[in-house]
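Trainee: Need coordinates for the below:
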Amino acid sequence: MEHQSIKNIFTEKPLEKSVLIKGWLRTARHSKGLSFLEVNDGSCFSGLQVIADAKLENYEQEVTKLLTGSAVSVKGTVVESPGKGQSIEIQAAEIEVVGQAPADYPLQKKRHSFEFLRTIAHLRPRTNTIGAIFRVRNAASKAIHGFFQEKGFFYLHTPIITASDCEGAGEMFRVSCLDAKNPPLTKEGKVDYTKDFFGREAYLTVSGQLEAEIAAMALSNVYTFGPTFRAENSNTSRHLAEFWMVEPEMAFCDINGDMDLAEEFLKYVFKSCLKDCPDDFEFFNSRIDNTILETMAHIIEAPFERISYTDAVDILVKSGQKFEFPVTWGCDLQSEHERFLTELHFKKPVMVTDYPKTIKAFYMYLNDDDKTVRGLDVLVPKVGEIIGGAQREHRLDVLQKRFIECNLNEKDYWWYTDLRRYGSVPHAGFGLGFERIIQFMSGVGNIREAIPFPRVPGYADF
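Mentor: Predicted coordinates for the structure are as follows:
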């Protein structure tokens with residue numbers, strides 16, 4: 001008999017039929033001649049109760065010794081459950097102990113801190129919270145691909161190893177095969193990277209955007225979805241050194257088309273995840289943040305607010321609110337500013353555009369005022385910035401001036417300027433930090449819970 005997922009059994013409810021399930025015990029309660037085992041296989045939030053009695057051949061020898069965390073294979077009949085909390089249960093006919101867990105199994109039936117769970121990242125997916133987050137990550141991934149594929153975008157695989165810094169910030173992980181203890185040196189005493197594997201300095205990518213622009217100049221609409229890396233020494237609840245990014249890029253598109261796509265995209269993903277993982281979201285709403293379902297419904301239904309950076313600064317200055325970081329025109333908006341706009345002022349997601357050029361990247365379209373660029377940030381309650389994007393600078397002469405202003409060597413971006421020489425068109429795109437959206441949807445306070453194996457300063461275990 002082929003085993004079924006517990007999710008399918010709950011969905012189909014095959015009463016009085018024989019089924020085979022395989023999973024791990026969330027709880028095991030034994031009384032005289034009777035055992036109650038909750039089996040979970042990860043396919044859904046709920047475990048399925050198994051009733052085992054002394055009629056089983058291995059009841060005394062094996063079943064009564066089963067403890068939380070053990071892996072089992074159960075064949076039995078699905079029946080209606082008289083107990084509270086479940087509609088059906090399995091009356092066991094056979095139980096095979098696949099893998100016994102000892103009494104010191106770390107995940108007993110009690111609340112564990114997220115900090116503790118990170119120290120046992122190999123076991124934490126078996127908890128209610130992390131298991132639910134994994135399922136929502138899967139649902140969100142499926143929705144992201146579904147959205148772009150339905151709209152005719154092409155999925156692009158951009159390089160993990162690169163020689164260019166998309167953000168211009170220099171916070172990149174170097175990739176090298178040189179002997180760290182005895183590297184070759186130039187006459188000036190500096191490390192000679194011409195002797196390295198790639199014949200030059202190479203890094204882990206911070207973004208696939210620049211390569212996506214290349215593809216958009218041929219395929220019109222593309223998107224990337226892959227890992228990115230930032231060697232930023234930020235020990236905060238919102239930063240990771242390794243995370244996943246979703247980056248669409250559209251030819252013949254301006255900032256308004258970019259905003260339209262970003263709003264439609266977020267609404268689609270949230271709606272799809274709610275549909276695919278209702279039990280997981282009920283758990284998030286009841287145990288982590290009781291406003292999650294209401295907030296997500298509001299995002300799906302209400303139009304996003306759209307304001308300029310200048311208007312945002314004006315609202316913040318006139319608010320009378322005391323911020324840790326004072327607000328003046330030209331400053332970068334901090335999380336506290338973003339949350340004020342979304343949670344207190346507008347009470348919904350906000351799209352902010354036209355930022356000062358001094359705080360944004362070289363590739364953003366320069367406005368006629370020569371002070372602002374057509375950057376785009378999408379801000380949501382509780383998290384702040386969830387999407388960053390822009391209309392790209394497609395004018396060769398302006399881009400060359402921006403290279404100079406940002407102290408970048410145009411020769412390092414020769415191919416990027418070539419795109420402006422050979423059939424350049426207005427184009428735009430954005431980047432979504434995948435873990436940010438998972439953090440928002442689950443309500444967890446720290447982004448380290450939104451990824452299976454967090455990479456942060458001083459920590460690269462598992």
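
Trainee: Show me what counts as buried in stretch 42-57.
Mentor: Applying a neighbour-count criterion of 16 or more other C-beta atoms under 10 Å, the buried positions in stretch 42-57 are G42, S43, C44, F45, S46, G47, L48, Q49, V50, I51, A52, L56. From N, CA and C alone the C-beta is placed, and that goes for glycine too.

Trainee: Mean confidence (pLDDT) on stretch 309-316, please.
Mentor: For stretch 309-316, the mean pLDDT works out to 98.

Trainee: and L67, what does it touch?
Mentor: Listed by C-beta atoms under 8 Å, 6 or more residues apart in numbering, the contact partners of L67 are L25, A28, Q100, A101, P102, A103, Y105.

Trainee: ok, 6 Å please
Mentor: Counting by C-beta atoms under 6 Å, 6 or more residues apart in numbering, L67 touches A28, A101, A103.

Trainee: okay, the residues you listed in a markdown table with secondary structure and distance to R238 next?
Mentor: Formatted as a markdown table, the contacts of L67 follow (DSSP: H, G, I helix; E, B strand; the rest coil; distance: C-beta to C-beta, whole Å):
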| residue | secondary structure | distance to R238 |
| --- | --- | --- |
| A28 | strand | 39 |
| A101 | coil | 35 |
| A103 | coil | 39 |
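
Trainee: who wins for most neighbours among these?
Mentor: Neighbour counts for the contacts of L67, by other C-beta atoms under 10 Å, peak at A28, which reaches 23 neighbours.

Trainee: quick one: which helix or strand includes F134?
Mentor: Assigned by DSSP states H and E, F134 belongs to helix 128-150.

Trainee: What strands line up against whichever helix or strand comes after that helix, and which way round?
Mentor: Downstream of helix 128-150, the next assigned helix or strand under DSSP H and E is strand 154-155. With DSSP bridges as the test, strand 154-155 is paired with strand 221-229 (parallel).

Trainee: Quick one: mean pLDDT for the strand it pairs with?
Mentor: For strand 221-229, the per-residue pLDDT averages 97.

Trainee: Output it as PDB, nothing but the C-alphas.
Mentor: The C-alpha coordinates for strand 221-229 follow below in PDB (Å, rounded to 0.1, in the frame of the first residue of the first chain):
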ATOM      1  CA  ASN A 221      10.000  41.100 -19.600                       C
ATOM      2  CA  VAL A 222      12.100  38.900 -17.300                       C
ATOM      3  CA  TYR A 223      12.500  38.000 -13.600                       C
ATOM      4  CA  THR A 224      15.100  36.500 -11.400                       C
ATOM      5  CA  PHE A 225      14.600  34.500  -8.200                       C
ATOM      6  CA  GLY A 226      17.700  33.400  -6.500                       C
ATOM      7  CA  PRO A 227      20.200  33.900  -3.600                       C
ATOM      8  CA  THR A 228      22.000  37.100  -3.000                       C
ATOM      9  CA  PHE A 229      24.700  38.100  -0.500                       C
END
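
Trainee: continuing past that strand, what's the next helix or strand?
Mentor: By DSSP H and E, the next helix or strand past strand 221-229 is strand 242-251.

Trainee: Quick one: list the elements packing against that following strand.
Mentor: If you count contacts as 3 or more C-beta pairs under 6 Å, 6 or more residues apart in numbering; DSSP states H and E, strand 242-251 packs onto helix 209-219, strand 221-229, strand 427-433, helix 434-442.

Trainee: would you turn the ones you listed into TSV with mean neighbour count and distance to G76?
Mentor: Formatted as TSV, the helices and strands packed on strand 242-251 follow (neighbours: other C-beta atoms under 10 Å; distance: least, C-beta to C-beta, whole Å):
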stretch	mean neighbour count	distance to G76
helix 209-219	20	52
strand 221-229	21	41
strand 427-433	25	44
helix 434-442	24	33
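
Trainee: And the ones you listed: which comes nearest W244?
Mentor: W244 lies closest, by C-beta to C-beta, to one member of the helices and strands packed on strand 242-251: helix 434-442, at 3.8 Å.

Trainee: Looking at the helices and strands packed on strand 242-251, spot the one closest to R306.
Mentor: Between R306 and these, the tightest spacing by C-beta to C-beta is seen for strand 427-433, at 14.2 Å.

Trainee: picking up where we left off before, distance to G189 for the helices and strands packed on strand 242-251 - can I get that in JSON lines?
Mentor: Listed next are these as JSON lines, based on distance: least, C-beta to C-beta, whole Å:
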{"stretch": "helix 209-219", "distance to G189": "32"}
{"stretch": "strand 221-229", "distance to G189": "29"}
{"stretch": "strand 427-433", "distance to G189": "38"}
{"stretch": "helix 434-442", "distance to G189": "41"}
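
Trainee: F243: which of the ones you listed is closest?
Mentor: helix 434-442 (5.0 Å).

Trainee: quick one on the thing from earlier: nearest to G199 among the contacts of L67?
Mentor: After measuring these against G199 - C-beta to C-beta - the closest member comes out as A101, at 51.9 Å.

Trainee: hang on, isn't that closest one packed against G69?
Mentor: Yes. Assessed by C-beta atoms under 6 Å, A101 is found in contact with G69 at 3.2 Å.

Trainee: what residue ranges in the protein score low on pLDDT?
Mentor: 165-170 (pLDDT under 70).

Trainee: most remote residue from it's center?
Mentor: K55 (47.9 Å; C-alpha atoms, centre = their mean).
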